[in-house]
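Asker: need a structure here:
(one chain, ligands or ions: 2)
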Amino acid sequence: MGFSAFLTWTAVWVAILHQLHQVTAFPLHAAALNDIPTYSDSTDREWRMQVDAHVKEHLATILRDEAVNRLDKLGKVSDSPEFLQRTFMSPAALRAGQLIRTWMSDAGLFTWIDDMGNVHGRFDGMNSSAPALLIGSHMDTVIDAGRYDGALGVVSAIAAVKALQKSGRLVDYPRPIEIIAFSDEEGVRFQSTFLGSGAIAGTLSPNLLQVKDKRGVTVSAALQKLSFPGTKESLFNLKYEPESVWGYVEVHIEQGPVLESKGLPLGVVDAIAGQTRLRVSMKGSAGHAGTVPMAMRKDPMPAAAQAIVAIEELCIRPQQGGSPATVSRPTANKGGALVCTVGEIASWPGASNVIPGEVTFSVDVRAKDDNVRELAVLNMELSIHEICRNRAIACTIERKNEAKTVECDKELIDRLSVSATAATNELFSLTGVQTTNEEPVPTLSSGAGHDALAMAQLTKVGIMFVRCTGGISHSPEEHVLDDDIWAAGLALHSFLESDLPASFSA
Ligand SMILES: *[C@@H]1O[C@H](CO)[C@@H](O)[C@H](O)[C@H]1NC(C)=O
Ligand SMILES: [Zn+2]
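Answerer: Ligands and ions are numbered 1, 2, ... in the order given. Model (predicted):
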């Protein structure tokens, strides 16, 4: 062996030994290892404290900087050069899936993509046959979307698990942890939501594979084009057995203004609001706008206007049956987050010089309490029929959609609240925010479904909300503060830590 070869070999051995030492002593992120104080410098306790301080700093890098960076990256993976759009099985959706998969691997997870295009990353922990904790959200988007809806839940889950992995404690987790990035929640392409989580929860309709997109491509064909089996069996096989799952946790942007109005970064969801969707159709007689005298008209448009105002009134003051004739500005109702929306209206024939023959509109009613919603819908139906009778208009009201409230799991609510409180307090002390809020983590109900709605059919669920600017979502204006992304990661990390054996969480 020549001298230079000897040098090379020595270098290799030094590198290997160094590596081994790092792995056994305290497996941290390689880039941050150089400045970790060595054991011989001080006593065991001091050494441990210094390492802890270092780990904290390192945590911030993973939970804040890297997470922010990844959300930026993912926000650029789009099917359109002008705006963000990733729909089920689109080229950008596949690229996003690959990117997420590399991040999962980087967190030390075993990864795979299932037959519905969901991306999974799993770590077995201490007992690979124990029921698994699932953490997830969706990677698809609406058209002209924001970059946090769905993506925040995926990225912060990966960050929290990576932080645990880098501090060497993931191996002590008492059960498997599995992160899932769901392939479809928004339902943009097939007008059918929860394709991803529905497959895992086993709630997909048997006819789903034949549903067509705008171009006439079926779900089955869309899957097969990308070499997925796209068969009924393959999708039904994706269903998880309830015994194999411990619970499901999701981090999601609030998509509403409540947390911002309270000046707080995190909230915990107690229930996903139930929902009724109505289609109201009002038929009168069409006529010439200039020739039919007012007294001889059967105009469904004013009837619709009156009904819509009555619906608003019913939801502002449900306990009074919405009776007062004078309509005031919407104020908070006492009915438990009852909200009603008329978002879609059409008139036939729809010309400025024609009295319409028919007006149809949608009503979306949501509340945390099923009875409150039921009663509101009943009163609405009565009120609409009365308005139509008085105006000699023929009304039909169809119930298009009905979903009961889903309660989140009590234990998960409590544990997420504790973790979110710790994270909020830590964030406030790190960033010097003074707060007088007695309740640092409010409990909210979720007006939107999220993947948790599908997963609730399989297992107990918990949801944590993250403040978003102005409550704006489904828009490129959607924004989450870097520090709030950090708070979400801290909370999820602390949630996982609280499951570790006592000697580690102390
Ligand atoms: C691992 O989990 C399984 C399933 O819950 C349980 O039966 C078994 O006792 C666990 N093993 C250990 C070592 O805790
Ligand atoms: Zn979402």
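Asker: buried ones in stretch 385-395?
Answerer: 387-388, 391, 393, 395 (16 or more other CB atoms under 10 Å). Every C-beta, even on glycine, is put in place using the N, C-alpha and C of the backbone.
Asker: quick one: terminal-to-terminal distance for that stretch?
Answerer: End-to-end span of stretch 385-395 (CA to CA, to the nearest Å): 7 Å.
Asker: likewise for stretch 253-261?
Answerer: From start residue to end residue, stretch 253-261 stretches across 15 Å - CA to CA.
Asker: right, and residue 192 touches residue 210 too?
Answerer: No: when contacts are counted by CB atoms under 8 Å, residue 192 is not listed as touching residue 210 (11.1 Å).
Asker: pLDDT score for the nearest residue to residue 449 once chain neighbours are set aside?
Answerer: Excluding its sequence neighbours, the residue lying closest to residue 449 (CB to CB, 6 or more residues apart in numbering) is residue 272, at 6.1 Å. As predicted, residue 272 sits at a pLDDT of 94.
Asker: so which residues of the stretch 101-250 of the chain form helices?
Answerer: Assigned by DSSP state H, counting those that start in this stretch, the stretch 101-250 of the chain shows helices spanning 151-166, 195-201, 219-225, 232-236.
Asker: helices or strands next to the second one in the packing?
Answerer: What it means is helix 195-201. If contacts are counted by 3 or more CB pairs under 8 Å, 6 or more residues apart in numbering; DSSP states H and E, helix 195-201 sits against strand 132-138, strand 177-182, helix 450-455.
Asker: residues making contact with it?
Answerer: 88, 114-118, 136, 138, 140, 180, 182-185, 187, 194, 204, 208, 219, 235, 238-240, 451, 454-458 (CB atoms under 8 Å, 6 or more residues apart in numbering).
Asker: which SSE is the spatially most central residue of the chain in?
Answerer: Central residue of the chain (CA atoms, centre = their mean): residue 252, 3.8 Å from the mean position. For residue 252, the element it lies in under DSSP states H and E is strand 245-253.
Asker: could you say what helices and strands the helix or strand following that strand packs with?
Answerer: Counting by DSSP H and E, the next helix or strand C-terminal to strand 245-253 is helix 258-262. Applying 3+ CB pairs under 8 Å, 6+ apart, one finds that helix 258-262 contacts strand 266-272.
Asker: can you pull the buried residues of the next helix or strand after the strand it packs on?
Answerer: Remark: after strand 266-272, the chain's next helix or strand is strand 274-283, criterion DSSP H and E. Neighbour-count burial for strand 274-283, with 16+ other CB under 10 Å as criterion, is recorded at 274-278, 280-283.
Asker: note down every partner strand of strand 274-283 and its orientation.
Answerer: Counting by DSSP bridges, the strands paired with strand 274-283 are strand 358-367 (antiparallel), strand 394-403 (antiparallel).
Asker: any buried residues in the last one, and which?
Answerer: Going back to what we said before, that points to strand 394-403. 395, 397, 403.
Asker: now it against strand 266-272, angle please.
Answerer: 120 degrees (axes from the mean of the first three to the mean of the last three CA atoms, to 10 degrees).
Asker: same thing with the first one?
Answerer: Note on geometry: by the same axes, to 10 degrees, strand 358-367 and strand 266-272 are set 110 degrees apart in direction.
Asker: elements contacting the helix or strand just after strand 358-367?
Answerer: Counting by DSSP H and E, the element after strand 358-367 in chain order, helix or strand, is helix 370-390. Counting contacts by 3+ CB pairs under 8 Å, 6+ apart, helix 370-390 is packed against strand 274-283, helix 300-316, strand 358-367, strand 394-403.
Asker: ok, the closest residue in space to residue 224 that isn't next to it in sequence - how many residues close by?
Answerer: Excluding the flanking residues, the one nearest residue 224 by CB to CB, 6+ apart is residue 230, at 4.1 Å. Applying other CB atoms under 10 Å, we find 19 residues neighbouring residue 230.
Asker: quick one: residues contacting residue 230.
Answerer: 115, 209, 219-224.
Asker: same check on residue 489?
Answerer: Counting by CB under 8 Å, 6+ apart, residue 489 makes contact with 62-64, 67, 156, 159-160, 163.
Asker: worst mean pLDDT among the helices and strands packed on helix 370-390?
Answerer: strand 394-403 has the lowest average pLDDT among the helices and strands packed on helix 370-390, namely a mean of 91.
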